[in-house]
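Visitor: Got a predicted structure plus its sequence, pasted below:
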Amino acid sequence: MPVPPAISVRGLRKAYGEKIVLDGLDLDIPAGSIFALLGPNGAGKTTIVTILSTLVPADGGSVRVAGRDPATDPDGVRAAIGVTGQFSAVDGLLTGEENLVLMADLLHLPRSEGRRRAQHLLERFDLVDAAHKPAATYSGGMRRRLDLAMGLVGRPRVLFLDEPSTGLDPRSRRGLWDMIRELAATGVTVLLTTQYLEEADQLADRIAVLDHGRIVAEGTADELKSLVPGGHVRLTFSDAVGYDAAARVLTGAVRDDAALALQVAGGGTAYEIRDLLDQLDRLEVKADRLSVHTPDLDDVFLALTGRPAPVEANSR
């Protein structure tokens, strides 16, 4: 019997006045996977999370989160989810431990269980040494780890991460990514919204590109990259004789005479590479080096949305 998706959305619509924010979205997110919604500010990413997490109602369509309908069973949905927003929910005046215990109290956990859960999460997120310090003294990466830990107090089956690495330096961001991977490995379903192409590429099992309230493409990172032309194989030769012979046979190859390199259009599949090498073998010519170049998610974003991807703050 097939396992039902952790999140299922059909025809989701939301508007604020005349502005249509979500325009008929369909989504199926398998249990235990990491799914990324990739898009610029204003694409509708945060609105999807607020609807799925019961914070605002949809105007149309059907939604199921962990088998529950946010419109008719909001308490059931809330019991199954955790949420970490792009802006920290950490109270800077409280210690790390106090923040976690407070979250346990809000979830109505028995006091002893709440304290045990807080201690476990402090250990899991490497915050034991800072447990009794005010969160206002934490670094950005520490606050983000505490924020994520707070979303896990209730042992959610589905975790919503709305731009979780916003404002983090590259080292802290990669540490956060490791934690997200570990969560998914334990069976937690993660819905991640992000503007960062690298984040989606590194983390997500599947990615949906969102633009103007619609999903314009969905697939694995490799599947999305294959939608964009521009892939090629680069062959480098050690001598001019072999280079010239290969250039005559490989129709359409772009020459780089200074580097003795040929650029051959193609996706770099195993079949295409084998065919190239077979052609060279028939000439009794060997390439010194072969490399495959495929479009990245920046190219995908530009091709699908008609504008370049957002620039990360720490790369400006």
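Guide: Received it, and whenever you're ready, just let me know what you need.
Visitor: which parts of the helix or strand bottoming out on mean pLDDT in the chain are buried?
Guide: Least confident element among the helices and strands of the chain, by mean pLDDT, DSSP states H and E: helix 297-305 (a mean of 76). For helix 297-305, burial by neighbour count (16 or more other CB atoms under 10 Å) applies to L297, D299, V300, F301, A303, L304, T305. C-betas here are computed from N, CA, C, even on glycine.
Visitor: Spatially, what comes nearest to the residue nearest in space to the middle of the chain if we skip its sequence neighbours?
Guide: For the chain, A200 is the residue whose C-alpha lies nearest the centre (CA atoms, centre = their mean; 2.9 Å). Once flanking residues are discounted, A200 sits nearest to A36: 4.1 Å by CB to CB, 6 or more residues apart in numbering.
Visitor: Can you tell me how far the one you found is from T194?
Guide: 6 Å (CB to CB, to the nearest Å).
Visitor: Compare the two (neighbour count), which wins?
Guide: A36 (27 against 24; other CB atoms under 10 Å).
Visitor: for the helix or strand hosting that one, packing partners?
Guide: For A36, the element it lies in under DSSP states H and E is strand 34-38. Using 3 or more CB pairs under 8 Å, 6 or more residues apart in numbering; DSSP states H and E, the elements in contact with strand 34-38 are helix 170-185, strand 189-194, helix 197-203, strand 206-211.
Visitor: from these, which stretch is densest packed?
Guide: strand 189-194 (a mean of 26; mean count of other CB atoms under 10 Å).
Visitor: what angle do it and strand 206-211 make?
Guide: Interaxial angle, strand 189-194 versus strand 206-211 (axes from the mean of the first three to the mean of the last three CA atoms, to 10 degrees): 40 degrees.
Visitor: Adjust the sequence numbering to begin at 95 for everything that follows.
Guide: Noted, 95 is the first residue going forward, which turns the last one into strand 283-288.
Visitor: Can you give the strand pairings for strand 283-288, parallel or anti for each?
Guide: Sheet pairing of strand 283-288 (DSSP bridges) gives strand 128-132 (parallel), strand 252-256 (parallel).
Visitor: Secondary structure element for R210, which one?
Guide: Going by DSSP H and E, R210 is in helix 205-218.
Visitor: For V303, which non-adjacent residue is spatially closest?
Guide: Excluding the flanking residues, the one nearest V303 by CB to CB, 6+ apart is A311, at 4.7 Å.
Visitor: Quick check: pLDDT value at the residue lying closest to V97 once chain neighbours are set aside.
Guide: Distances taken as CB to CB, 6+ apart place A125 nearest to V97, at 5.8 Å, with adjacent residues excluded. Per-residue pLDDT puts A125 at 94.
Visitor: For A125, which three-state class applies?
Guide: Following DSSP: H, G, I helix; E, B strand; the rest coil, we place A125 in the coil state.
Visitor: For it, which residues are in contact?
Guide: A125 is in contact with V97, P98, P99, A100, R251, G281, T283, counting by CB atoms under 8 Å, 6 or more residues apart in numbering.
Visitor: cool, V284 as well?
Guide: Contacts of V284 by CB under 8 Å, 6+ apart are S127, I128, F129, V252, L253, L255, I274, L277, A278, L297.
Visitor: for T189, what are its contacts?
Guide: Taking CB under 8 Å, 6+ apart as the test, what T189 contacts is A225, H226, K227, P228, A229.
Visitor: ok, which stretches of the stretch 95-244 of the chain are helices?
Guide: 139-146, 168-174, 190-200, 205-218, 234-245 (DSSP state H, counting those that start in this stretch).
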